[in-house]
Structures are given as C-alpha cells and as structure tokens.
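Undergrad: fold the following for me, if possible:
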Amino acid sequence: MVVEILSAVAVAGGAWLATSLRVVKQYERGLIFRFGRVRATIREPGLALLVPFADRIQKVNMQIITMPIPAQDGITRDNVSVRVDAVVYFKVIDPVLAAINVQDYRSAVGQVAQTSLRSIIGKSELDDLLSNRERLNEGLELMIDSPALDWGIHIDRVEIKDVALPESMKRSMSRQAEAERERRARVISADGELQASYKLSQAAATMADTPAAMQLRLLETVVQVSAEKNSTLVLPFPVELLRFLDANTPRASTPAAAPPAPAVPDPALAVPDAAEANGQVAPVPREPDDADLRT
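TA: Numbering: from 1, shown residues only. You can find the predicted model right below:
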C-alpha cells in the first residue's frame, strides 16, 4: 500500500515537473502569462519554472530578422514608371510590446515597409533612385522605424535592392550615355590637337632658326619608314632645302657675249660657184645695141 502511494506521488511529481519546466534558448526571451496577465519579469535563457494550470509562456525571438519587401510599382517625381524592391533588417528590443501591442509584428513591419517604399518612390527622382541610394535608404529606414518603435521593434537597416526600368527608358539612357562618351572623346581629342599644335609650332620655330634641323628630321623620317621594309619609298623634298641650295649656289659676274649674226650677201655681187671654184673671172654683161634690137 505504501509502495503504491509512493509510486503515485512520484508519478504526480513527474507530471508536475513536466508541466512546470520550460527551456528558454539563448536567442529567446520568455513572457509569463498568469491567468491571462503578463508578468513584468521576463524569463532569461535557461530553465523556467511555471505554476501548473496557471502560467503560460510565450517565447519571443530576439534575433535580427531579414524580410524582403515585394517589388512595388510607382511613378517617380519626374514621371518615370519604375519597379523597386528592397530588404529590411529588424529585431525585437522589447518582448512585452512586441507581444502585446501588435498581433503579428512580422506582418505589420512588412506592410509598413511596402507603404514607405511606395512613398519614397513618389518623392524621389530617377537619378536619385539610381545613384543616391544611401540617402534614400536612410529616409526609408526612418519612415519604417517611426511606427515600429511602439511595437518594440528596432529597424536595423533598409536597403533598396533593384530598380527595374521600362525598355524604352533603358534605350534612352543608353543613347544619352553614348552621346556623353562621344562628347568626352571629342573634347579629349581636340585638347590633344591643341597641345600638339603648340609643340609643332615650337618645333617649327626651332627648325626655322636652324635649317640643318629640317634635314636631320628628314633623315630620321627616312630611317623610320625604311624600318618597315616597304618596297616603295616616297622621299619628300622640302622647299626650305631648295632655298638653302639656291642661296649657296655661286653665280657668274657678267653674262657671256652672243655670237655675231651672219652677213647676208648682195645678189648683184654674187659670183657663180663654178667660176669661182675654177679660178676664172665671169664675163661682164654688155649693153644691147641697135642692131640687136632690130633683129
């Protein structure tokens, strides 16, 4: 009989311990509800002893929770349709407020994050969404953290992950970037031409003072062209070298006398070639007399 009583007491004690002891993990905090009212004392990690049939324990996770914010469609202040998604990091700092003031703090934080993200999209311009995300992240964090403090929630950080643009806007931005790059290339090329012109003007001034420098530069050019093993070599002949050679060429003091022109013989005094060749004198023609005229 005594053994049975002791056995019953042991069984009852084991059941009482089973219903009274709870284990709170390191990253959790335990809230004790006694007859429906929360106790001010928060149970730390370890074993928690409860009053059977009177106490109920609710464990609250104190770890940082990562919650993605679904992509939200909106129109920026400069009338561009975008689709933005983000991620929010938060944690519970007051387990009592998180359990009492809000039914589901995860869902509440998610809804506030979506609403705040839409508001940020409408207040910002496209350039800010693409290049100035740090400031937008800070503003979005403040907008979510303001109501979350009453729930015992602390927003650790908020980051915008991606900004999706329409295809037409992407093409426009691509053309704009291409035009900007081309403008920079032209400016750099023009600047290089300006600097080269300064250097070439200085080189031309030096060569004008020293004419031999032009010949040396010409020989250097020939050496550079011949190093490429070309079959045809076009050698430019500078005008300055022609002027140099013309200025240093000796000239005669007086021009040479022209030979005298040959004399034209008189036809009346001409002598036949055959008589002159035989050494004979040609007869003198006589005047005709009256007899010859009558005949």
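
Undergrad: next one: the helix or strand where residue 88 lies to chain centre, how far?
TA: Residue 88 is part of strand 81-92, with elements assigned from DSSP states H and E. In terms of C-alpha atoms, centre = their mean, to the nearest Å, the centre of strand 81-92 is found 28 Å from the chain centre.

Undergrad: tell me what it is packed against?
TA: strand 65-75, helix 105-123, helix 126-131, helix 133-148, strand 153-164 (3 or more C-beta pairs under 8 Å, 6 or more residues apart in numbering; DSSP states H and E). C-betas here are computed from N, CA, C, even on glycine.

Undergrad: columns mean neighbour count and mean pLDDT on top of those, output as TSV?
TA: Formatted as TSV, those follow (neighbours: other C-beta atoms under 10 Å; pLDDT from 0 to 100):
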stretch	mean neighbour count	mean pLDDT
strand 65-75	15	91
helix 105-123	18	92
helix 126-131	14	86
helix 133-148	17	89
strand 153-164	17	90
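
Undergrad: tell me which of those lies nearest to residue 208.
TA: helix 126-131 (53.3 Å; C-beta to C-beta).

Undergrad: just checking the distance from the closest one to the centre of its chain.
TA: Worked out by C-alpha atoms, centre = their mean, helix 126-131 lies 16 Å from the chain centre.

Undergrad: so which bits of the following helix or strand past the strand holding residue 88 are buried?
TA: With elements assigned by DSSP H and E, the helix or strand that comes after strand 81-92 is helix 95-100. Buried residues in helix 95-100, defined by neighbour count with 16 or more other C-beta atoms under 10 Å: 95, 96, 97, 98, 99.

Undergrad: nearest to residue 217, of those?
TA: Nearest to residue 217, judged by C-beta to C-beta, of the buried residues of helix 95-100 is residue 98 at 85.0 Å.

Undergrad: residue 246 and residue 27, how far apart?
TA: Distance from residue 246 to residue 27, counting by C-beta to C-beta, to the nearest Å: 100 Å.

Undergrad: how far out from the middle of the chain is stretch 166-182?
TA: Going by C-alpha atoms, centre = their mean, where stretch 166-182 is centred and where its chain is centred differ by 12 Å.

Undergrad: which residues sit against that stretch?
TA: 80, 81, 126, 165 (C-beta atoms under 8 Å, 6 or more residues apart in numbering).

Undergrad: can you check stretch 39-56 too?
TA: 16, 19-35, 57, 95-96.

Undergrad: and it, what's buried?
TA: In stretch 39-56, counting by 16+ other C-beta under 10 Å, buried: 43, 48, 50, 55.

Undergrad: same deal with stretch 164-177?
TA: For stretch 164-177, by 16+ other C-beta under 10 Å, it's residue 165.

Undergrad: how far does stretch 37-54 stretch from one end to the other?
TA: 10 Å (C-alpha to C-alpha, to the nearest Å).

Undergrad: Three-state assignment for residue 150, please.
TA: Secondary structure state of residue 150, per DSSP: H, G, I helix; E, B strand; the rest coil, is helix.

Undergrad: which residues does it contact?
TA: Contacts of residue 150 by C-beta under 8 Å, 6+ apart are 97, 101.
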